[in-house]
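1. After the sequence you'll find the predicted model.
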Amino acid sequence: MRRGIIGLVFCAWTVVTPPASGETLYGADGAQGNPSKLYTLDPASGAVLSTLGAIGFAVTGLAIHPATRVMYGATANAGMNNPRSLITIDKSTGSGSLVGPFLLPGGFQTLADLTFTKDGTLYGLGSLDGQLYTVNLASGAATMVGGSGVGPPAGGGLAADPCDTIHVAPNSDQGLLFTLDRTTGAASPGPQLNGSSGNPLSAMAYSSAGTLYAALLDNSPTPATASLVTIDTLTGDIALRGPTVDRLDAIVFDGQFASPNPSLTINLNRQAVGPGGLVQASLTAANPGGAGAVDLYFVILVPPATSSQLACPGGDAAVFLADAFSTVLVECVSTAPVPSFEPLFRNVCLPAGLPPTTVPNFFSLPWPPGVPAGTYTFAVLTTPAMAFAHGTIDITAFSSAALEASP
């Protein structure tokens with residue numbers, strides 16, 4: 001068996017599109033401890049479209065809950081009112097309301113930026129220690145996930161993409177872009193950013209189309225000046241959108257990521273096989289919908305004679321090829337608990353607008369002697385990430401091909 005490099009093929013595609021029509025980009029000007037106002041900004045140019053009102057706090061991070069659509073903010077270290085705390089913000093008036101303090105270690109430390117993942121977990125980056133934290137929405141208390149390894153941030157822009165991958169730009173527009181593991185907090189270095197200013201990226205946010213925006217802040221003048229930029233997470237390219245409101249230290253889009261709409265097609269190189277014959281499978285995947293994370297399963301459904309040999313007397317044996325082809329699991333599908341079904345690849349990020357993409361030699365196997373005759377069905381399917389693990393049967397794409405085996 002050979003492992004298909006499906007992850008690399010998918011990651012090679014990226015589609016950059018403008019924000020969805022009607023999507024609002026909000027910003028808050030909390031740098032240098034400034035009592036913030038809430039603004040709407042033009043994603044194309046960075047220009048201020050409207051001033052919604054005074055927040056009543058110096059704000060250094062913004063995030064909107066994916067289900068309730070409530071806007072949350074992190075207050076700055078230097079703010080006069082309730083520094084280092086979680087607040088909610090009225091998106092119509094800009095008025096902020098205190099939730100509670102972060103209670104971060106080290107005393108004089110706040111969360112440099114905030115971001116939600118699709119499950120409604122709020123994350124933040126420590127402004128002094130550079131660690132990843134989760135935040136209790138009821139109390140504001142922050143809990144360390146683990147050591148990120150990015151060091152004390154100079155800017156600390158943080159944003160989760162449509163696949164719930166958390167990106168952080170801890171330093172300047174010439175530093176590295178990192179990803180952070182949501183479970184351990186561990187950092188993985190990504191591309192070198194190719195900005196020219198050397199100024200910090202004070203905030204980041206994804207549009208619903210999957211484009212990463214950032215606030216580039218120059219703290220040398222008073223007030224600090226800012227620009228709106230976009231970042232290519234594959235190459236590190238930074239593109240200037242334009243100058244924006246002074247002291248911009250927090251941004252967030254009030255949009256929702258489009259759901260993925262994957263399709264799969266599996267093809268075999270032959271319809272019949274005997275001992276020693278080479279069976280090869282190709283896999284074609286497409287996703288005309290939005291970006292999203294899926295689990296990919298590869299299953300061989302076997303005939304009743306083989307099923308009995310595999311300790312499934314009901315004739316319902318299925319062979320799961322799991323863990324990137326490193327594990328083979330046999331399940332009696334009518335009685336096995338759904339969480340026991342293991343994927344071939346877990347948490348595969350499908351880009352938005354993925355065109356039909358083929359892995360020609362996704363799987364190959366010389367047919368072994370002694371295998372009972374009958375019909376063997378090779379099937380591939382996707383579920384939302386972790387759906388089976390949580391006991392949810394939600395199959396978003398399916399394809400199969402039959403093989404007749406002879407002794």
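-> Received the coordinates, thanks. Numbers count the residues shown, from 1 in each chain.
2. Tell me where the stretch 251-400 of the chain has helices.
-> 304-309 (DSSP state H, counting those that start in this stretch).
3. Run a quick neighbour tally on residue 244.
-> Other residues within reach of residue 244, judged by other C-beta atoms under 10 Å, total 26. The way it works is simple: take the backbone N, C-alpha and C, and place the C-beta from them, glycine included.
4. what does residue 284 give?
-> There are 17 residues near residue 284, going by other C-beta under 10 Å.
5. where in this structure is pLDDT low?
-> 1-21, 148 (pLDDT under 70).
6. Would you check that residue 147 makes contact with residue 131?
-> Yes: counting by C-beta atoms under 8 Å, residue 147 does reach residue 131; the two are 6.1 Å apart.
7. Which one of those two is surrounded by more residues?
-> residue 131 (23 against 14).
8. contacting residues for that one?
-> 125, 144-148, 185 (C-beta atoms under 8 Å, 6 or more residues apart in numbering).
9. Let's see that with 10 Å instead.
-> 104-106, 109, 124-125, 142, 144-150, 180, 185, 187 (C-beta atoms under 10 Å, 6 or more residues apart in numbering).
10. Equivalent analysis for residue 399, please.
-> Per C-beta under 10 Å, 6+ apart, neighbours of residue 399: 263-267, 283-285, 378-382.
11. swap the cut-off to 6 Å and go again
-> Counting by C-beta atoms under 6 Å, 6 or more residues apart in numbering, residue 399 touches 264-266, 380.
12. just to revisit the earlier point, pull out the buried members of the contacts of residue 131.
-> Among those, those classed as buried by 16 or more other C-beta atoms under 10 Å are 104, 109, 124-125, 142, 145-146, 148-150, 180, 185, 187.
13. Just the CA atoms from the helix or strand hosting residue 134 would do, formatted as CSV, please.
-> For residue 134, the host element (DSSP states H and E) is strand 132-135. The C-alpha trace of strand 132-135 is given here as CSV (Å, rounded to 0.1, in the frame of the first residue of the first chain):
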residue,chain,number,x,y,z
LEU,A,132,-2.3,30.5,24.0
TYR,A,133,-5.3,30.8,26.4
THR,A,134,-9.0,29.9,26.3
VAL,A,135,-11.4,32.3,27.9
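14. Partner strands of it and their direction?
-> Here strand 132-135 is paired, per DSSP bridges, with strand 122-126 (antiparallel), strand 142-146 (antiparallel).
15. could these go into JSON lines alongside distance to residue 174?
-> Formatted as JSON lines, the strands paired with strand 132-135 follow (distance: least, C-beta to C-beta, whole Å):
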{"stretch": "strand 122-126", "distance to residue 174": "19"}
{"stretch": "strand 142-146", "distance to residue 174": "27"}
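16. Quick one: closest of those to residue 242.
-> Between residue 242 and the strands paired with strand 132-135, the shortest gap by C-beta to C-beta is with strand 122-126, which sits at 25.8 Å.
17. Next, give phi and psi for the nearest residue to residue 106 once chain neighbours are set aside.
-> Leaving out its chain neighbours, the residue that sits closest to residue 106 by C-beta to C-beta, 6 or more residues apart in numbering is residue 128, at 5.4 Å. The phi/psi pair for residue 128 (degrees, to the nearest 10) reads phi -110, psi -40.
18. give me every residue that touches residue 128.
-> 106, 109, 152.
19. Closest to residue 329 out of the residues you listed?
-> Distances from residue 329 to the contacts of residue 128, taken by C-beta to C-beta, are shortest for residue 152, at 44.8 Å.
20. Surely the closest one and residue 130 touch.
-> Yes: here residue 152 lies in contact with residue 130, judged by C-beta atoms under 6 Å, at a distance of 5.5 Å.
21. can I see the domain layout of this structure?
-> 6-12+259-405, 25-253 (automatic domain parsing).
22. Tell me which of these is the most buried.
-> Comparing those by mean neighbour count (mean count of other C-beta atoms under 10 Å), domain 25-253 ranks first with a mean of 21.
23. distance between that one and the chain's centre?
-> Taking C-alpha atoms, centre = their mean, to the nearest Å, one finds domain 25-253 lying 16 Å from the centre of the chain it belongs to.
24. List the residues that contact the nearest residue to residue 384 once chain neighbours are set aside.
-> Distances taken as C-beta to C-beta, 6+ apart place residue 394 nearest to residue 384, at 5.7 Å, with adjacent residues excluded. For residue 394, the contacting residues are 383-384, 387, by C-beta under 6 Å, 6+ apart.
25. which among those gets closest to residue 164?
-> residue 384 (11.0 Å).
26. For the closest one, give the beta-bridge partners.
-> residue 294.
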